[in-house]
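Trainee: sequence and computational prediction follow.
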Protein chains: 2
Amino acid sequence: MKTKPDFHADCVTCKVRDKSMFCRLHKTELLQFDGSKSCYFFRKGEVIFHENGHPRGVFCISSGKIKVSHTGYDGKEQIVRMAKEGDLLGYRAFLSNQQYNGTATALTDVEICFIPGEVFFEVLRGNNNFSLQMMHLLSSELGKAERTITDLAQKPVRERMAEALLFLKGTYGLEPDNATINIVLSREDIANMIGTATETAIRLLSEFRHNRILSFEGKKIKIEDFPRLVRTANIPD
Amino acid sequence: MKTKPDFHADCVTCKVRDKSMFCRLHKTELLQFDGSKSCYFFRKGEVIFHENGHPRGVFCISSGKIKVSHTGYDGKEQIVRMAKEGDLLGYRAFLSNQQYNGTATALTDVEICFIPGEVFFEVLRGNNNFSLQMMHLLSSELGKAERTITDLAQKPVRERMAEALLFLKGTYGLEPDNATINIVLSREDIANMIGTATETAIRLLSEFRHNRILSFEGKKIKIEDFPRLVRTANIPD
DNA sequence: CCAAAAACATGATTAATATCATTTCTTATA
DNA sequence: TATAAGAAATGATATTAATCATGTTTTTGG
């Protein structure tokens, strides 16, 4: 990790602000952040924070993609969150006053701002709408996590794989061809998202390719048959 | 469900208040709750709120035990939360402005108070410390849910069973004998907590009994060998 | 108190998925 | 560009846990 001198993001004019939790903050509050924050640059693969570390503030992703994963006692990793530009990071541990539960790793080069805890707290205290917005975020995340629990407990791997691909499409969007999912992940990362062995993930992706649901260009995944992918995910409703 | 005339809980003098999220509220705020809330009595087995229902406020459990469970598309249930007196209920859906994700069912007879959304909101808006407390609660719950995800993805059923028993001990405590877990659950409920088939849960409990880790008195579960139960749970450290 | 239903228990079998092993392909880097 | 390291792919086998089947015990309601 290093501070990149030519990256001076500025909350007031930040290009991702309107996609972020800070979109409704007042200018004075943004200036508070600007006056105290630090900006960092991480290369792909570098770690932004570590499991068991103590949070001293909150991160806001300026650009890039990040995974947050737990390490099981046997060393196997479980990805519990996928983040992108505009997302906050580290707020769960900070707000519950706990150590980090997971490790955040850059999946691409990342530009990220760090807001010290005291300043973030001050803004939270002074702005009740922002507090409510944070509660909204936390409870949505909690709802998603609980649905993930149900999926893991009940759905076969094939359905979880299809669902994960739909989740990635929803989170990172598609490339201009309107079919290729806009993120590059290793097979192992995909396996660790859905909670299965790497070989099983590889086999399922191959199966989907044979079934012409997907095709691959390098590591990029292209959705060839969206309706069938949705059917495979077996989403209730 | 019915309003039980002889149950008139009063937040100011409520016996479970100091165990609850309301422990640090001011008297004026408690009086706001008292002035607007309704108190209900549910018999064991009755439903307090339904999956997909719209939350209109927040519940506070005065006495009794409650499970919150999701229904998978195939009808199988997954328990995502276990609550007891002093716990809030329904706040996740309320604060994220979503439908209920799960169904809350009384595991015992239950006395519960309902605080209308507007009043709860008003207190949240007016009391920033309370907002911070709610964020703390939500982020702790989120942390627990994420750890459950990792467990489901990585641990074999035997370890999850041991862990669930430790969780129940931690949540509901022990009876005066200091060994019997203070909650009665069906084998099916236990299976639905750890995400396995009922038969598998039964077999594991029998196995634990044969190993003298547990013994049963009716449906009550008594922990005979606590250290071994902890070892079986294989909890990292 | 009895009948019916529900819950518990256990065996046999099957299905899903993990693990182990090996080969091929890709990507860093010396 | 050669070479090693890592990632992907695929087959064979093992293991875990689900499902199906059946009997027993406990609970509940008339």
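Mentor: Arrived safely.

Trainee: nearest residue to residue A:180 other than its sequence neighbours?
Mentor: If the residues on either side of it in the chain are set aside, residue A:180 comes closest to residue A:222, at 4.5 Å by CB to CB, 6 or more residues apart in numbering or on different chains. For every residue, glycine as well, the C-beta is placed using N, CA and C.

Trainee: part of a strand, is the one you found?
Mentor: Yes: according to DSSP: H, G, I helix; E, B strand; the rest coil, residue A:222 belongs to a strand.

Trainee: can you check the pLDDT for it?
Mentor: Looking at residue A:222, its pLDDT is 97.

Trainee: residues in contact with it?
Mentor: Neighbouring residues of residue A:222 by CB atoms under 8 Å, 6 or more residues apart in numbering or on different chains: A:177, A:179-181, A:214-216.

Trainee: restricted to strands, list those.
Mentor: Among the contacts of residue A:222, the members falling in strands (DSSP state E) are A:214-216.

Trainee: return only those of the residues you listed found close to DNA strand D.
Mentor: Among the ones in strands among the contacts of residue A:222, the residues lying close to DNA strand D (CB under 7 Å from any atom of the strand) are residue A:216.

Trainee: buried among the ones in strands among the contacts of residue A:222? Make that a ChimeraX selection.
Mentor: The following ChimeraX line selects those of the ones in strands among the contacts of residue A:222 that are buried, judged by 16 or more other CB atoms under 10 Å in any protein chain shown:
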select /A:214
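
Trainee: can I get the contacts of residue A:222 in JSON lines including pLDDT?
Mentor: JSON lines is the format used below for the contacts of residue A:222 (pLDDT from 0 to 100):
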{"residue": "A:177", "pLDDT": "94"}
{"residue": "A:179", "pLDDT": "96"}
{"residue": "A:180", "pLDDT": "97"}
{"residue": "A:181", "pLDDT": "97"}
{"residue": "A:214", "pLDDT": "96"}
{"residue": "A:215", "pLDDT": "96"}
{"residue": "A:216", "pLDDT": "95"}
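
Trainee: within reach of DNA strand C, which of the residues you listed are there?
Mentor: Of the contacts of residue A:222, not one also sits near DNA strand C (CB under 7 Å from any atom of the strand).

Trainee: the strands in chain A, which residues?
Mentor: A:38-42, A:47-49, A:57-63, A:66-71, A:77-83, A:88-89, A:103-106, A:110-116, A:214-217, A:220-223.

Trainee: number of nearby residues for the residue lying closest to residue A:31 once chain neighbours are set aside?
Mentor: Spatial nearest neighbour of residue A:31, excluding adjacent residues (CB to CB, 6+ apart): residue A:12 at 6.8 Å. Residues contacting residue A:12 under the criterion other CB atoms under 10 Å in any protein chain shown number 11.

Trainee: what's the distance between the residue nearest to residue A:86 when sequence neighbours are not counted and residue B:94?
Mentor: Take residue A:86 and drop its neighbours on the chain: the residue closest to it by CB to CB, 6+ apart is residue A:19, 3.6 Å away. According to CB to CB, to the nearest Å, residue A:19 stands 25 Å off from residue B:94.

Trainee: equivalent analysis for residue A:47, please.
Mentor: 36 Å.

Trainee: swap in residue A:133?
Mentor: Residue A:133 is 15 Å from residue B:94, by CB to CB.

Trainee: looking at those two, which one has more neighbours?
Mentor: Applying other CB under 10 Å to residue A:133 and residue B:94 shows that residue B:94 carries more neighbours, namely 23 against 17.

Trainee: that one reaches residue B:120, doesn't it?
Mentor: Yes: taking CB atoms under 8 Å as the definition, residue B:94 is a contact partner of residue B:120 at 7.4 Å.

Trainee: quick check: neighbours shared by the two?
Mentor: Listed as contacting both residue B:94 and residue B:120 by CB under 8 Å, 6+ apart are B:57-58.

Trainee: which residues touch residue A:36?
Mentor: Counting by CB under 8 Å, 6+ apart, the residues that residue A:36 touches are A:115-116, A:119.

Trainee: list buried residues within the residues you listed.
Mentor: In the contacts of residue A:36, the ones that pass as buried (16+ other CB under 10 Å) are A:115, A:119.

Trainee: of the contacts of residue A:36, which is the nearest to residue B:227?
Mentor: residue A:116 (43.0 Å; CB to CB).

Trainee: what bridges to the closest one?
Mentor: residue A:57 (DSSP bridges).

Trainee: who are the contact partners of it?
Mentor: Here residue A:116 is in contact with A:36-37, A:56-57 (CB under 8 Å, 6+ apart).

Trainee: most neighbours of all these, which one?
Mentor: residue A:37 (21 neighbours).

Trainee: mind listing what it touches?
Mentor: A:11, A:113-116, A:119 are the contacts of residue A:37 under CB under 8 Å, 6+ apart.

Trainee: how close does it get to residue A:121?
Mentor: 14 Å.

Trainee: what count of nearby residues applies to residue A:223?
Mentor: Neighbours of residue A:223 (other CB under 10 Å): 21.

Trainee: quick one: it and residue A:230 touch, right?
Mentor: No: taking CB under 8 Å as the definition, residue A:223 is not a contact partner of residue A:230, at 9.9 Å.

Trainee: is the biggest helix by length in chain A up against DNA strand D anywhere?
Mentor: Identified as the longest helix of chain A according to DSSP state H is helix A:128-154. No: using CB under 7 Å from any atom of the strand, helix A:128-154 stays clear of DNA strand D, with a minimum separation of 8.0 Å.

Trainee: so that helix, near DNA strand C or not?
Mentor: No: contact of helix A:128-154 with DNA strand C (CB under 7 Å from any atom of the strand) is absent, the minimum separation being 9.9 Å.

Trainee: tally up the residues packed near the nearest residue to residue A:212 once chain neighbours are set aside, please.
Mentor: Leaving aside its sequence neighbours, residue A:212 sits nearest to residue A:224 (CB to CB, 6+ apart; 5.5 Å). Here the number of neighbours of residue A:224 (other CB under 10 Å) works out to 15.

Trainee: distance of residue A:224 from residue A:208?
Mentor: For residue A:224, the distance to residue A:208 - CB to CB - is 9 Å.

Trainee: shared neighbours, the two?
Mentor: residue A:214.

Trainee: identify the residues contacting the closest residue to residue A:9 other than its chain neighbours.
Mentor: In space, residue A:9 comes closest to residue A:62 once its chain neighbours are excluded; the distance is 4.8 Å by CB to CB, 6+ apart. Residue A:62 makes contacts with A:7, A:9, A:14, A:16, A:39, A:85, A:111-113, as judged by CB under 8 Å, 6+ apart.

Trainee: let's go with 7 Å and repeat that
Mentor: Residues in contact with residue A:62 (CB atoms under 7 Å, 6 or more residues apart in numbering or on different chains) are A:9, A:14, A:16, A:85, A:111-113.

Trainee: so which of the residues you listed wins on neighbours?
Mentor: That'd be residue A:112 among the contacts of residue A:62, by other CB under 10 Å, with 27 neighbours.

Trainee: could you report the distance from it to residue A:163?
Mentor: 28 Å.

Trainee: can stretch A:42-62 be found next to DNA strand D?
Mentor: No: for stretch A:42-62, no contact with DNA strand D is found by CB under 7 Å from any atom of the strand; the gap never falls below 8.9 Å.

Trainee: cool, stretch A:168-181 as well?
Mentor: No: using CB under 7 Å from any atom of the strand, stretch A:168-181 stays clear of DNA strand D, with a minimum separation of 13.8 Å.
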